[in-house]
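**Student:** For reference, the sequence and a predicted model appear below.
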There are 2 protein chains.
Amino acid sequence: MPIAIQGDEGSFHHQAAQEWFGQPVELTTADTFGAVFNALDNHTAQTAVVAVENSLYGSINEVLDLIQAHHYPIVGEIYLRIKQQLIGTPHTAASDIKYVYSHPVALAQCEQYLDAHFPNAQRVEYHDTAASVAFIKQKNGDPAYAAIASAGAAKLHNMPILASNIEDNKANFTRFLVIQPDGTVPKNANKTSLLLTTDHTPGALARVLTLFADANANLTKLQSRPIIGDAWKYRFYIDIEVAGESLHQLLTHVCQTGATVTVLGEYVAGVTH
Amino acid sequence: MPIAIQGDEGSFHHQAAQEWFGQPVELTTADTFGAVFNALDNHTAQTAVVAVENSLYGSINEVLDLIQAHHYPIVGEIYLRIKQQLIGTPHTAASDIKYVYSHPVALAQCEQYLDAHFPNAQRVEYHDTAASVAFIKQKNGDPAYAAIASAGAAKLHNMPILASNIEDNKANFTRFLVIQPDGTVPKNANKTSLLLTTDHTPGALARVLTLFADANANLTKLQSRPIIGDAWKYRFYIDIEVAGESLHQLLTHVCQTGATVTVLGEYVAGVTH
């Protein structure tokens, strides 16, 4: 059964899916996150792996909203450090490179590196990092063309990495969630994602957070959704290091304050690859 | 003195800058948010207008981090509803359109519209929405070519709008901040952006939020920065509806709990255009 991802083969989504399953995976690739969830709706995929936040660019609210709208459980998470590679034709000397192709975000992430090492190379924006590797491969070994993409994209297209980990900011992590319509809570679950809506009372949020602290449940994420002009009422995406029976007892107390809680998934806290 | 923005003339950043000043503005355009702040550093611009969050895509942490790193005050905010326009050559009939050019994000925002009205038109990704209008203009009136961009881009390139407000999700708002190195706090400021770091004690965050509620200071944004594995310690970007003397009294109490606060700017709460 294929895994649904947004983007192409050789993308970071592809890498995240492989890290989760620990082996090569068959993919259903989609242009948009909406189309990824449609693949789950249509049963053309049993699992989706979706980016949900990046340490530089923040949360992808669209993905959180899709998870909530489709009621599919989160069954796991994976963190990837985003490492960009300079990829070119074999035996390319640095001085030969005249064009560097990649997605605008990847080009921006390597701007200082390119300024320092290839000040005269033209940066050319392309719609996808992995596709930019496929594009320069078609140049039949012309050393003027290089691309920036993941190590997975280099491997996929059998193109050599000319310089490794050229991203300017090494604190660039993306968190991916694993979504399974038929997913069940793993026995050793220790983390929960939930959506919290408080009532309009001043201090309502503080009361909920006090309950979390009293239950020794550490927050790892707390993010308001932009509700403008609705004073004292909040919707939050919350990740909390508790699951199972302790979670259910805690949420009973939380709901007694007048708050509403939707559990989006209980799972095992992920590690960074 | 020009206004620094990320992106091109005719972009939503350009529109936000015009809404702020209430008149046409001279621009310094930059490829990245880092370059926008460099323009302030080099005094080639006195003001920057930067997108900081979108209702679908969340916060742009990179911008928040740049504001903090450069210590430049936020002096205002503007909300824009993101409206996409189908732009083409004059007298184009819908059936003539074979190619729709735009930035991938804009194409994705109009996917359902295109599926319904132009199922056979090829969607072609371009690096910038406004630049895609310039591109199709060069086709010398060939009605096969259309683009998706803002009304400002249509006006800039003197190209007609064939269909208005074609974005699928009308709840698509972007919030922009106005940054001025020489900025001062406006007299009628009623909103503050700040960065809060709590200590490692369970309940530390709840204590701070209780102080906010006791002071009748409504939160409009509360967003943790992803700090992984640092239990009970939080860094938050917070927007709060208080400023001036009341703010300073409140922050004195907050700091007495062991929390650290950096004020990023006090300004007048913005309206939606």
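**Tutor:** Done, it's in. Residues are numbered from 1 along each chain as shown, chains lettered A, B, ... in the order given.
**Student:** A:D182 - how many residues pack around it?
**Tutor:** In terms of burial, A:D182 registers 10 neighbours under the definition other CB atoms under 10 Å in any protein chain shown. C-beta coordinates here come from the backbone N, C-alpha and C atoms, glycine included.
**Student:** Just list the residues touching it, thanks.
**Tutor:** Contacts for A:D182 (CB atoms under 8 Å, 6 or more residues apart in numbering or on different chains) come out as A:Q46.
**Student:** residue boundaries of the helices in chain A?
**Tutor:** For chain A, the helices identified by DSSP state H occupy A:12-21, A:33-41, A:61-70, A:104-109, A:111-117, A:129-137, A:151-156, A:204-214, A:244-256, in order along the chain.
**Student:** looking at those, which is closest to chain B?
**Tutor:** Distances from chain B to each of the helices of chain A were compared by CB to the nearest CB, and the smallest falls on helix A:204-214, at 3.6 Å.
**Student:** Now do the closest one: everything it contacts.
**Tutor:** Taking CB under 8 Å, 6+ apart as the rule, helix A:204-214 contacts A:196, A:198, A:219, A:232, A:234, A:236, A:240, A:250, A:253-254, A:257-259, B:202-203, B:205-207, B:209-210, B:212-213, B:219, B:222.
**Student:** For the stretch 51-200 of chain A, which residues are neighbours of chain B?
**Tutor:** A:53-62, A:65, A:79, A:104, A:108, A:111, A:125, A:127, A:173, A:175 (CB under 8 Å from any CB of the partner chain).
**Student:** if we can go back for a sec, mind checking which of the contacts of helix A:204-214 are buried?
**Tutor:** A:196, A:198, A:219, A:232, A:234, A:236, A:240, A:250, A:254, A:257, A:259, B:202-203, B:205-207, B:209-210, B:212-213, B:219, B:222 (16 or more other CB atoms under 10 Å in any protein chain shown).
**Student:** Can you point out the buried residues in stretch A:44-55?
**Tutor:** Taking 16+ other CB under 10 Å as the criterion, stretch A:44-55 shows A:A45, A:Q46, A:T47, A:A48, A:V49, A:V50, A:A51, A:V52, A:E53, A:N54, A:S55 as buried.
**Student:** hmm, which two among these are most spread apart?
**Tutor:** By the measure CB to CB, these have their two most distant members at A:Q46 and A:S55, which lie 29.4 Å apart.
**Student:** Quick one: list the elements packing against the worst-scoring helix or strand of chain A on mean pLDDT.
**Tutor:** Among the secondary structure pieces of chain A, namely its helices and strands, strand A:58-59 has the lowest mean (mean pLDDT, DSSP states H and E), a mean of 77. The helices and strands touching strand A:58-59, judged by 3 or more CB pairs under 8 Å, 6 or more residues apart in numbering or on different chains; DSSP states H and E, are strand B:58-59.
**Student:** quick one, strands of the stretch 151-273 of chain A?
**Tutor:** For the stretch 151-273 of chain A, the strands identified by DSSP state E, counting those that start in this stretch occupy A:161-163, A:173-179, A:191-197, A:219-224, A:235-240, A:260-267, in order along the chain.
**Student:** worst average pLDDT in these?
**Tutor:** When the strands of the stretch 151-273 of chain A are ranked by mean pLDDT, strand A:219-224 comes last with a mean of 88.
**Student:** Could you give the separation of it from the chain centroid?
**Tutor:** The gap between where strand A:219-224 is centred and where its chain is centred comes out at 16 Å by CA atoms, centre = their mean, to the nearest Å.
**Student:** ranking the strands of the stretch 151-273 of chain A by burial, who's on top?
**Tutor:** Ranked by mean neighbour count under mean count of other CB atoms under 10 Å in any protein chain shown, those are led by strand A:173-179, which reaches a mean of 23.
**Student:** elements contacting it?
**Tutor:** Other helices and strands packing on strand A:173-179, by 3+ CB pairs under 8 Å, 6+ apart, are helix A:12-21, strand A:47-54, helix A:61-70, strand A:74-81.
**Student:** can you rerun that using 6 Å?
**Tutor:** In this structure, strand A:173-179 packs against strand A:47-54, strand A:74-81, with contacts taken as 3 or more CB pairs under 6 Å, 6 or more residues apart in numbering or on different chains; DSSP states H and E.
**Student:** partners of that strand in the sheet?
**Tutor:** Partner strands for strand A:173-179, per DSSP bridges, with pairing direction: strand A:47-54 (antiparallel), strand A:74-81 (antiparallel).
**Student:** In JSON lines: those strands, plus mean pLDDT.
**Tutor:** JSON lines is the format used below for these (pLDDT from 0 to 100):
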{"stretch": "strand A:47-54", "mean pLDDT": "93"}
{"stretch": "strand A:74-81", "mean pLDDT": "95"}
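**Student:** Figure out which of those strands is closest to B:Q6.
**Tutor:** With CB to CB as the criterion, B:Q6 lies closest to strand A:47-54 of these, at 17.3 Å.
**Student:** what's the angle between that closest one and helix B:61-70?
**Tutor:** Strand A:47-54 and helix B:61-70 are oriented at 20 degrees to each other (axes from the mean of the first three to the mean of the last three CA atoms, to 10 degrees).
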